[in-house]
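Q: Predicted model and sequence below, questions to follow.
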Amino acid sequence: KHSGEKLAAEFDRITQLYNLKDKLVRIITDNASNNQAAFNHLLLPGFDEYFDDSIDDQSELETNDDDTDSDECDKNQLEIEEVNDDIYGSTLNAPTDQEFLRLPCFIHSLQLVMHDGIQAASDALSSLKKVADLAKLPHTSTSFAE
């Protein structure tokens with residue numbers, strides 16, 4: 001069984017065995033809970049705030065309070081917001097024990113979103129199955145492929 005503790009222990013054992021501890025700066029995993037449990041302690045300091053939805057929710061509430069005047073709305077749309085690049089710049093520095101970062105695999109995340117979207121669109125599901133079957137036909141016989 002792949003528990004988070006076992007994965008983390010094996011990761012530590014292998015990185016020590018091959019002297020990789022100071023050479024790794026990214027760990028890409030799927031979104032399985034065991035991978036999250038194993039590698040969540042490897043986030044960059046301060047980077048976890050970037051993924052904190054409650055900060056975005058609070059900012060959204062503050063923005064909604066400011067939208068009382070239509071002229072103010074127009075001004076807000078034209079303002080340029082400065083982005084704090086300190087988070088991204090710190091990932092390019094020499095790695096230390098505190099700078100490891102576990103990232104979810106983008107393609108796996110996209111696949112999960114697409115799967116959920118297709119399942120939610122039950123009306124289109126039968127049409128998608130028919131299209132998939134048509135796409136597979138050329139692989140069923142050489143005469144059809146020609």
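A: Structure received.

Q: State the mean pLDDT of stretch 3-14.
A: The pLDDT scores in stretch 3-14 average 90.

Q: ok, now how distant is I107 from A132?
A: Counting by Cβ to Cβ, to the nearest Å, the separation of I107 from A132 is 19 Å. No exception for glycine: its C-beta is placed from N, CA and C like everyone else's.

Q: what ranges do the helices span in this protein?
A: 4-17, 33-39, 53-66, 70-78, 86-90, 106-120, 122-136, 142-145 (DSSP state H).

Q: For stretch 8-23, which residues meet the burial criterion?
A: A8, F11 (16 or more other Cβ atoms under 10 Å).

Q: Tell me the spacing between I14 and A135.
A: In this view, I14 and A135 are 41 Å apart by Cβ to Cβ.

Q: domain ranges for this protein?
A: The chain breaks down by automatic domain parsing into domains covering 4-104, 107-146.

Q: Worst mean pLDDT among those domains?
A: Ranked on mean pLDDT, the bottom entry among those is domain 4-104, at a mean of 65.

Q: How far does that one stretch from one end to the other?
A: 15 Å (Cα to Cα, to the nearest Å).

Q: what's the answer for stretch 115-126, then?
A: Where stretch 115-126 begins and where it ends lie 14 Å apart, using Cα to Cα.

Q: OK, contacts around L20?
A: I14 (Cβ atoms under 8 Å, 6 or more residues apart in numbering).

Q: hang on, I meant N34
A: Contacts for N34 (Cβ under 8 Å, 6+ apart) come out as H2, S3, G4, L7.

Q: Now with 6 Å, please.
A: The contact partners of N34, by Cβ atoms under 6 Å, 6 or more residues apart in numbering, come to H2, S3, G4.

Q: Quick check: closest non-adjacent residue to the last one.
A: Once its chain neighbours are removed from consideration, G4 has its nearest residue in A37; the separation is 2.6 Å (Cβ to Cβ, 6 or more residues apart in numbering).
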